[in-house]
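The sequence and its predicted three-dimensional model are supplied below.
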Amino acid sequence: MSGFKQNSDDALGEVLFEIFVMGNAVKVSAVHVQTNTEVSLIGAPGMTEFTLKANALRKLRSVLAKGTQSRG
């Protein structure tokens, strides 16, 4: 499970995901294409791809929301 995969979220636009297995952990990165904002997290190898992506997307939304608040 590695490489970038494109997903589209209606509210965010295009988001790229990378899932990389590192021994007994899985690193997930999510990149918001429009702002080039990237987040990453570490998950358990037993987690489903859906759960890993959902958690990364939740973190990305949080980071983007904080960035919008600090600009305003």
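Okay, I see it. Numbers count the residues shown, from 1 in each chain.

what pairs with the strand ranked longest in the chain, and is each one parallel or antiparallel?
Longest strand in the chain, counting residues (DSSP state E): strand 13-22. Strand 13-22 has the following sheet partners, assigned by DSSP bridges: strand 4-9 (antiparallel), strand 25-32 (antiparallel).

Of these, which shows the lowest average pLDDT?
For the strands paired with strand 13-22, the weakest mean pLDDT is recorded on strand 4-9, namely a mean of 50.

Now do the same for the closest residue to Arg61 other than its chain neighbours: its pLDDT.
Excluding the flanking residues, the one nearest Arg61 by CB to CB, 6 or more residues apart in numbering is Leu12, at 7.1 Å. In short, each C-beta sits where N, CA and C put it, glycine included. At Leu12, the pLDDT value in this model is 83.

Please tell me how far Val15 sits from Thr48.
Val15 is 18 Å from Thr48, where distance means CB to CB, to the nearest Å.

These two - which one has more neighbours?
Higher neighbour count among Val15 and Thr48: Val15, with 21 against 9, using other CB atoms under 10 Å.
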